[in-house]
Each structure stands twice: as C-alpha cells, then as structure tokens.
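**Student:** no sequence for this one, just the structure:
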C-alpha cells in the first residue's frame with residue numbers, strides 16, 4: 001500500500017484530516033489537529049501534481065476545512081484543534097500549525113484547488129502580522145484572541161516557518177519570503193547554533209535567551225523535548241541547502257553550516273547506544289536522553305543526505321543516504337498495515353511511548369520525493385512545471 005493510499009482514510013471527517021491509528025483508521029478520540037490537516041493537504045497536493053488519481057478532491061477537502069471548522073472567524077487565524085464534532089478545542093494559536101497552513105496554501109494553489117488563493121493570502125497575512133516580531137523572528141504562540149503572546153520562543157516553529165517561507169516565495173515569485181527565511185536561519189543556525197558546536201538549543205525566552213533545562217522533567221515531549229533534537233539538526237541542514245539553491249547570491253555559511261549540522265547529528269545520535277538509528281534527544285554533554293527512534297528523524301536524515309550529495313557531489317553522503325534508506329525499509333516501513341511506524345524503541349521495535357498510531361504521512365512522503373529531486377524550487381512548483 002502506498003503512503004497516499006494509506007492516508008486517504010484520514011479524510012473521513014468533514015472537519016479536516018483525522019489522526020490515524022496503526023492500522024490507518026481514523027481515531028476520533030484525537031479530534032482534528034490543525035497541524036495535521038495542512039500537512040495532509042500539502043501531501044495530497046503533491047500527489048495530485050504527480051498524477052495520483054482522485055487526489056485533487058482531497059486537496060479541496062483540506063482547503064475547505066482550513067477555511068471552515070478549523071478557522072477562527074472571530075479573531076482570525078486557526079485553532080489548534082477541533083473535536084470530532086467540529087467544536088474548537090481550548091488552546092493557543094501556534095506558529096507551528098500556522099506555518100503548515102501557509103505551506104498548504106501554496107501547494108494547494110499549485111495543484112489548482114478551489115479557494116486555494118484565498119487560503120494562501122490569509123495565511124500569509126496572519127503569519128506576517130502575528131507570528132513575526134519587529135526583528136523578523138518567530139513568535140511561537142498567542143492566546144485565542146491574539147491578545148497575549150506566550151513568553152516562549154522555539155526553534156521548531158521557527159524552522160517550519162523557514163520551510164513555509166521558502167515555499168511561499170517560490171509559489172508567489174516574491175523574494176521577500178526567501179529573505180525572511182534567511183534571516184531566521186541566520187539567527188538560529190549561524191548565530192546561536194554554530195558557536196555551540198552546532199548543538200542547537202530548542203527553547204528560548206521571549207528575548208531569545210536559551211533555556212537549556214526546559215522540559216528536563218518531561219524529556220520526551222513530542223514538540224518541546226529537553227536537550228538537543230538531532231532530527232532538527234538534520235532538517236535544518238536540508239533547509240539551508242534549499243535556501244542556498246534559492247538565493248541569487250547565497251552566503252557561504254549556508255553550505256558550511258549545513259555540513260556541520262549533518263555531521264553533528266550523525267556523531268551524537270546515530271547508533272550511539274548499540275543499535276542503528278538516531279536517538280530522539282541528547283543532553284548538552286552529548287549523552288542520549290530519549291533513546292526512542294522517531295520516524296520523522298530518519299525521513300529527514302534521508303532527505304538531508306541526498307541534498308548534501310546533490311549540492312557537493314561527494315560520495316560519502318550517498319553512502320549515508322543508502323544506510324538511512326536501508327534502516328527505514330528494514331525497521332520503519334510497516335508491510336502489514338501500511339505507512340511507517342512513527343516510533344521505535346531503543347531496540348528498533350515498534351513503540352508508542354511518545355506517539356500512538358500513525359497520525360500523518362508528511363515526513364515520509366515528502367522525504368522520498370526530496371531525495372530524488374533538485375533543491376529548488378520547492379516540490380509543488382517543480383511538479384507543476
């Protein structure tokens with residue numbers, strides 16, 4: 001079963017795309033998460049552009065949900081989630097989810113989905129107005145009415161804004177979005193991570209002072225884990241190379257830091273505890289903290305190695321790509337129920353400590369496409385062209 005075929009069942013709810021269990025069945029107990037719906041809208045847009053049958057109606061379904069039940073008509077922006085019945089779930093307005101709404105708007109536009117232009121325009125306005133501060137850095141979360149911003153800043157949300165900004169710049173042909181992506185990357189990678197031997201802090205206060213002990217008592221949090229997240233080093237490595245390929249005059253630090261981030265992730269997290277695979281997190285002394293292997297980390301490792309090989313022509317990166325691909329096929333691909341196991345334990349057995357079910361296919365589907373295609377423009381523009 002293909003990843004796209006596995007994911008089709010997520011459209012069973014009228015309010016967006018549902019969280020899927022290990023067998024690919026919608027799990028109503030999770031409601032409908034805003035971060036999942038645009039990610040799946042993006043995937044189905046890419047699938048349509050690749051010629052997958054009956055994918056465009058699924059793109060329309062996602063756009064309709066993002067302009068419907070998941071949208072806050074009173075205050076603007078998007079709820080974090082709604083119940084299975086379509087009622088808003090209490091929670092903040094998150095830059096992380098809004099980054100994916102912006103990404104989905106661009107992909108849906110390239111796929112020719114109805115109302116995609118409206119979604120892209122509103123997402124761009126909300127992100128620009130609410131989730132970028134005066135210095136061009138990411139604001140992580142607001143209360144529902146956009147009255148008070150959380151006194152927390154995070155590298156994860158900022159990273160996905162970089163991804164969304166690259167796509168928006170390519171879709172709209174507007175280099176201001178690339179410049180915004182470069183500014184965020186320069187701050188977090190070149191100014192914050194590089195002087196720390198590319199061990200990037202994930203958590204900051206409102207002034208962007210690192211909080212190294214954040215969530216030390218909850219180290220396996222799925223979105224804000226304690227310590228260094230090697231998977232994000234790999235994801236940043238790839239994004240820097242997309243930036244490098246997108247800019248007319250890219251600064252040389254983009255390639256240098258992309259190499260360094262990849263090398264650091266491999267050195268501190270790959271097969272460091274007796275078995276192949278990347279551990280989820282390490283502490284500031286480079287010791288494993290959470291030894292689970294997350295599927296998204298290995299998808300990003302595959303894409304990052306392929307991107308570095310394409311940019312440099314060096315065979316060593318192709319060797320890493322083959323190693324990661326073998327790991328994914330051997331341990332993560334589920335030949336019985338489909339999709340990828342979202343989490344493995346330290347012995348590479350399926351686990352559910354942090355993730356239950358198989359919520360979406362975004363990382364696995366996109367990584368396989370990225371591993372085979374040029375670094376720029378973004379996938380939706382390439383496939384539409």
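**Tutor:** Yes, it's here. What you are looking at is a predicted structure, and each value in this text was computed from that prediction instead of being measured.
**Student:** OK, contacts around residue 276?
**Tutor:** Residues touching residue 276, when contacts are defined by CB atoms under 8 Å, 6 or more residues apart in numbering, comprise 270, 323, 327, 331, 348. Yep, even glycine has a C-beta here, placed from its N, CA and C like the rest.
**Student:** on the three-state scheme, the fourth one is what?
**Tutor:** What it means is residue 331. For residue 331, the secondary structure call by DSSP: H, G, I helix; E, B strand; the rest coil comes out as helix.
**Student:** ok, now the last one?
**Tutor:** Of the three states, residue 348 takes coil under three-state DSSP.
**Student:** any chance of the contacts of residue 276 in a markdown table, with distance to residue 19 too?
**Tutor:** Formatted as a markdown table, the contacts of residue 276 follow (distance: CB to CB, whole Å):
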| residue | distance to residue 19 |
| --- | --- |
| 270 | 29 |
| 323 | 31 |
| 327 | 25 |
| 331 | 23 |
| 348 | 24 |
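**Student:** helices along the stretch 101-250 of the chain, start to end?
**Tutor:** Taking DSSP state H, counting those that start in this stretch as the criterion, the stretch 101-250 of the chain contains helices spanning 116-130, 155-172, 175-185, 230-246.
**Student:** distance-wise, check the closest residue to residue 345 other than its chain neighbours relative to residue 291.
**Tutor:** If you skip the residues right next to it in sequence, residue 345 has residue 351 as its closest partner in space, 4.1 Å away by CB to CB, 6 or more residues apart in numbering. Separation of residue 351 from residue 291 (CB to CB, to the nearest Å) stands at 10 Å.
**Student:** tell me which of these two has more neighbours.
**Tutor:** residue 291 (22 against 18; other CB atoms under 10 Å).
**Student:** what's near enough to touch the more buried one?
**Tutor:** Going by CB under 8 Å, 6+ apart, the list of residues near residue 291 reads 273, 279-280, 345-346.
**Student:** what subset of the residues you listed is buried?
**Tutor:** If you count burial by 16 or more other CB atoms under 10 Å, the buried members of the contacts of residue 291 come out as 279-280, 346.
**Student:** spatially nearest residue to residue 154, not counting backbone neighbours?
**Tutor:** Closest to residue 154 by CB to CB, 6+ apart is residue 140, at 4.9 Å.
**Student:** measure the one you found to residue 330 for me?
**Tutor:** 36 Å.
**Student:** of those two, which one has the most company?
**Tutor:** residue 140 (23 against 10).
**Student:** wait, that one sits on residue 98?
**Tutor:** No - between residue 140 and residue 98 there is no contact, the gap being 10.4 Å when judged by CB atoms under 8 Å.
**Student:** need the overlap of contacts for residue 351 and residue 291.
**Tutor:** With CB under 8 Å, 6+ apart as the test, residue 351 and residue 291 both reach residue 345.
**Student:** returning to what we had before: tell me how far the residue nearest to residue 345 lies from residue 36.
**Tutor:** With distances taken as CB to CB, residue 351 is found 20 Å from residue 36.
**Student:** would you map the strands across this structure?
**Tutor:** Taking DSSP state E to define them, one finds strands in the chain at 32-33, 81-82, 93-94, 141-142, 153-154, 203-204, 293-294, 343-344.
**Student:** residue 340 and residue 203, how far apart?
**Tutor:** Using CB to CB, one gets 27 Å for the distance from residue 340 to residue 203.
**Student:** with residue 357 instead?
**Tutor:** Spatial separation of residue 357 from residue 203 under the definition CB to CB is 26 Å.
**Student:** repeat for residue 92
**Tutor:** When distances are taken as CB to CB, residue 92 and residue 203 turn out to be 16 Å apart.
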